[in-house]
Structures are given as C-alpha cells and as structure tokens.
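Participant: Dropping a prediction and its sequence here:
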Amino acid sequence: MDESPQSPAGIEGSALKGPFPVGAYAEMLREELRGRSRLQLFGEIWNLRKTKARVYFELRDPRGAVPCAMWTNKFDALGEIGLALSDGAQIVVAGGPDYYPGSKTSSPSFSFDVSDLRVAGEGDLLAQLAALRRQLQGEGLFEPQKLLARPQLPRTIGVITSESGKARDDILAGLQRRGWAGTLVWGFAPVQDRKAASAITQALTDLAGIEQVETIIVARGGGSLADLFAFCDETLCRTVALLRVPVIASVGHHTDQTLIDDVAAESCSTPTHAAEAAVALDVNAARTNLRGSTETLSRHAQSAVVGRARALAALARVPGTHIARQRRELHQDARELRAAGQRRLVLERERSATVAEVLRRKAVAGAGPDKLARLRTLEGLSIALSGHDPKGVLERGYAMVDDGDGNVITTASQARAAENVRLQFADDAVDAKITTSDD
C-alpha cells in the first residue's frame with residue numbers, strides 16, 4: 001500500500017507505517033476479508049428485515065453475534081423456507097465475510113455474505129408446518145368445520161385424550177362447572193409418539209360414527225413442537241375437516257398453534273375452555289337465571305294483580321263520584337234558581353210600589369186643581385164641537401142633500417144628475433126626485 005504524495009506527516013516517535021489514506025485501507029480490508037475461506041455458520045436468526053436489494057438479519061448464539069446479508073433474489077429462491085423464518089429459528093448459513101468501505105457520505109459496514117440458507121432442528125418442523133398449513137388453507141379445508149351447526153346443550157359429547165393425562169380431569173371439571181349432566185363417550189389414544197396421529201384419527205372416526213355424539217373434544221396439555229407434531233399430521237387434519245360432527249381442539253398452551261387448531265370448528269387454549277365451549281349454555285347459570293326470572297315474574301304478577309284491583313276499585317268509585325258531583329251541581333242550580341226568584345220578586349215588588357206611587361200622585365193631582373182646569377177645557381171643546389155639529393145646523397132649518405148612499409150633494413148639477421136624492425132634516429130624512437121646468 002503506497003503512501004499518497006499528499007499524505008500529512010505521521011505521528012512523531014511512532015514506528016508504525018503510514019499514514020495511508022483511509023479509503024485505500026478500507027479497500028484493502030475488503031479484499032482481505034473477501035479472500036478468506038468460505039464456510040458455514042449456525043445459530044438463531046433475529047431482526048429479519050427485507051429490502052428491494054438485500055435481506056438483513058443477525059445470527060446469534062450465547063457467545064456472540066454476526067450481522068448477515070443475503071441478496072433478495074437468492075432469499076426469494078428459498079421459497080417455503082424463507083416464508084417460514086421467524087425470530088428465534090435455528091438456521092445454517094453458507095458464505096463468507098464481506099466489508100463495505102463506505103464513503104464521505106455513507107458509513108462503512110461489515111456483514112457475513114450469505115449465499116445459501118437452511119432451517120435446522122425445530123426450524124425444519126416449522127418450515128414443514130408452514131408449507132402444509134398453506135396447502136390445506138389453499139384447498140379450503142379451514143372452513144367446513146366452522147360452518148357446522150353446534151348445539152348449545154349437547155346430550156352426548158365425545159372426548160379424545162390420554163387416559164392418564166391431566167386434560168381428562170380438566171374437561172370433567174369444566175363440564176361440572178357448566179352443570180352439564182349428559183353422556184360422555186371417551187376415546188382414549190396416545191397423544192405423543194409416532195403412532196399418536198393414526199390412533200387419534202381412528203378414535204375420531206369411531207366417535208363420529210356414533211349417531212348420538214353431537215360434539216367431539218380433542219385435548220392434550222402443552223409441550224414442544226416435536227411433542228405436539230402428531231396434531232399436525234396431514235391425514236388427521238383432513239379427517240377432522242371432513243367430519244360431520246364439530247370438533248373442538250385444545251392442544252398445547254395458548255401460544256401453540258397446531259394444524260388441528262386451524263381445521264377444527266373452534267380452537268381453545270385449555271381443556272377447561274374446550275369443555276365450556278362444547279356446552280355453550282351454562283346450565284347452572286340458566287337455573288339461577290330461571291329461578292330469578294320466576295321470582296321476578298311472580299313479583300310482576302302480584303304487582304299486576306294489585307294494580308288491576310286498584311284500577312277496578314277506582315273504576316267502581318267512578319259512578320258514585322259522578323252521581324255525587326251531579327247532585328252537588330243540581331243543588332247549586334236549585335239554590336241559584338231560588339236566589340234568582342227571590343231577587344225577581346223583590347224587583348217586581350219595588351216596581352209595583354213605584355207604579356202605585358205614581359198612580360196615587362196622579363189621582364191626588366186629578367182630584368185637585370187639575371180637575372177644574374180639565375173640566376173647563378172639556379166644556380170649551382164641547383161648545384166648539386157643538387158649533388160644528390151638522391145636526392145643529394139642521395135644527396136651525398137647514399137640510400142636507402145626499403144621493404141616498406151617503407154621498408153629499410152640494411150643487412144643482414149634482415142633484416139633476418142624481419135625479420133621486422134624499423133630504424136629511426133635523427128630525428128625519430125624506431126621499432125626493434129632482435125635476436126641471438121643461439118637465
């Protein structure tokens with residue numbers, strides 16, 4: 001490695017070579033690391049992240065850790081293995097050290113350049129499990145069980161578990177807590193060995209063949225993935241998916257997820273939970289609720305009867321109340337009529353007294369000076385009338401001529417025209433006929 005002509009002076013007193021440009025040293029370091037022998041490493045994968053060009057992760061064990069990088073196209077070529085990778089999985093990688101020298105604007109970095117990868121130990125099982133899960137899901141086998149009708153209170157329940165396992169006692173305790181008193185049909189089978197999957201499949205087929213069985217519980221306690229792998233058997237899962245009877249799975253703890261959990265009608269975290277899921281109706285709670293409902297209904301019935309009786313009593317009082325109100329109104333009307341009659345009588349008496357007083361005063365006035373004045377007036381009127389009376393004129397020798405019908409004749413022409421006339425004298429009337437000198 002040559003010194004640059006522009007290199008500054010080195011550290012005074014130091015016996016080390018240099019100084020050299022950092023870029024030249026970084027390039028030398030990269031070439032040296034890439035020249036090292038290619039090898040395989042194994043450990044746990046952590047912090048997996050993917051970009052368009054590279055996939056980055058760390059490989060760890062108790063003594064140390066190495067940053068790793070793999071080209072994205074190589075990682076995608078792994079297929080199912082790459083998709084199944086998750087933090088904590090044991091893997092084996094092949095490759096060698098690599099170094100990126102960086103620049104003025106970017107940081108340098110060291111990584112183990114991975115050219116190939118495989119899952120090791122339990123990771124192999126995880127990869128197999130993930131691949132089978134995707135296959136069954138792609139065939140639509142996760143849905144049939146979930147579409148089955150499940151009775152709220154089954155009369156007969158089938159149970160598949162180990163005869164000596166704790167899951168058996170947990171199921172019994174869960175059913176007892178529900179107050180269930182139906183029939184249990186046990187299908188004891190091994191739940192952990194190479195024969196377990198076929199034995200569980202056979203037990204499932206036998207229980208489903210019993211017409212009275214309405215629900216089947218498959219249960220076992222926790223364990224490693226290898227311990228639970230019997231419940232990931234392809235034949236077992238396909239059998240569960242196609243059964244006519246709903247299957248409730250309770251395998252492992254709540255963090256475990258076997259394939260039978262995916263294909264079953266329901267997956268439960270504990271056998272107790274599975275028992276409660278099988279008997280959805282809590283009989284004890286239903287009894288308590290029924291007892292409470294009966295008491296409530298009794299109270300409501302009693303309250304309704306009392307309320308109805310009060311309403312009827314109130315209605316029974318209505319006619320009497322109405323009659324009493326009408327009686328009061330009639331009494332009030334009668335009092336008002338009497339009072340009105342008395343007021344009218346008083347008014348009439350006062351009016352009569354006033355009229356009588358007026359008449360009395362007129363009578364008194366008529367018997368006094370007024371009487372004389374009126375007599376004199378009457379005499380004057382009588383004299384005036386006498387002067388104009390036709391009878392008085394007749395008594396003085398005059399006669400009144402009429403045509404016999406009471407029509408007065410006042411001229412000679414009227415008399416000649418009438419010919420027959422009547423002459424009215426003071427004492428009597430005589431008929432006369434008008435004649436002319438020519439006659």
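Facilitator: Done, it's in.

Participant: quick one: V401 is in a strand?
Facilitator: Yes. Using DSSP: H, G, I helix; E, B strand; the rest coil, the secondary structure at V401 is a strand.

Participant: residues touching it, list them.
Facilitator: V408, I409, T410, A415, V421, R422, L423, Q424 (CB atoms under 8 Å, 6 or more residues apart in numbering). In short, each C-beta sits where N, CA and C put it, glycine included.

Participant: quick one, strands of this protein?
Facilitator: In the chain, strands defined by DSSP state E lie at 39-50, 54-61, 64-71, 90-100, 109-119, 156-161, 183-188, 215-220, 247-251, 266-267, 400-402, 420-424, 429-433, listed in chain order.

Participant: re earlier: mind putting the contacts of V401 in TSV, distance to R177 included?
Facilitator: Below are those laid out as TSV (distance: CB to CB, whole Å):
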residue	distance to R177
V408	143
I409	147
T410	147
A415	152
V421	150
R422	148
L423	152
Q424	147
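
Participant: before we move on, back to that, looking at the strands of the chain, which is nearest to T288?
Facilitator: strand 156-161 (22.7 Å; CB to CB).

Participant: Which of the strands of the chain sits closest to R376?
Facilitator: Minimum separation from R376 across the strands of the chain (CB to CB) falls at strand 400-402, 32.3 Å.

Participant: how distant is stretch 309-318 from the center of its chain?
Facilitator: Put simply, stretch 309-318 sits 40 Å off its chain's centre (CA atoms, centre = their mean, to the nearest Å).

Participant: With stretch 100-113 instead?
Facilitator: Mean-position distance between stretch 100-113 and its chain equals 61 Å (CA atoms, centre = their mean).

Participant: To C232, which of the strands of the chain lies closest?
Facilitator: Ranking the strands of the chain by proximity to C232 (CB to CB) places strand 247-251 first, at 9.3 Å.

Participant: contacts for the closest one?
Facilitator: Contacts of strand 247-251 with the rest of the structure, by CB under 8 Å, 6+ apart, involve 145, 167, 204, 215-220, 228, 231, 240, 258, 260-261, 264-271, 273-274, 277-278.

Participant: mind running it again at 6 Å?
Facilitator: Strand 247-251 has contacts (CB atoms under 6 Å, 6 or more residues apart in numbering) with 216-220, 228, 231, 240, 258, 260-261, 264-268, 271, 274, 277-278.

Participant: So for it, mean pLDDT?
Facilitator: Regarding strand 247-251, the rounded mean pLDDT is 90.

Participant: for stretch 167-175, same thing?
Facilitator: Stretch 167-175 carries an average pLDDT of 89.

Participant: domains in the chain, as residue ranges please.
Facilitator: Domain assignment for the chain, taken from automatic domain parsing, gives 22-120, 151-281, 289-320, 361-388, 399-433.

Participant: how many neighbours does the nearest residue to L153 once chain neighbours are set aside have?
Facilitator: Nearest residue to L153 in three dimensions, chain neighbours excluded: L281, at 4.5 Å (CB to CB, 6 or more residues apart in numbering). Applying other CB atoms under 10 Å, we find 13 residues neighbouring L281.

Participant: Which elements pack onto the biggest helix by length in the chain?
Facilitator: For the chain, the helix that runs over the most residues, judged by DSSP state H, is helix 283-366. When contacts are defined as 3 or more CB pairs under 6 Å, 6 or more residues apart in numbering; DSSP states H and E, helix 283-366 packs onto no helix or strand at all.
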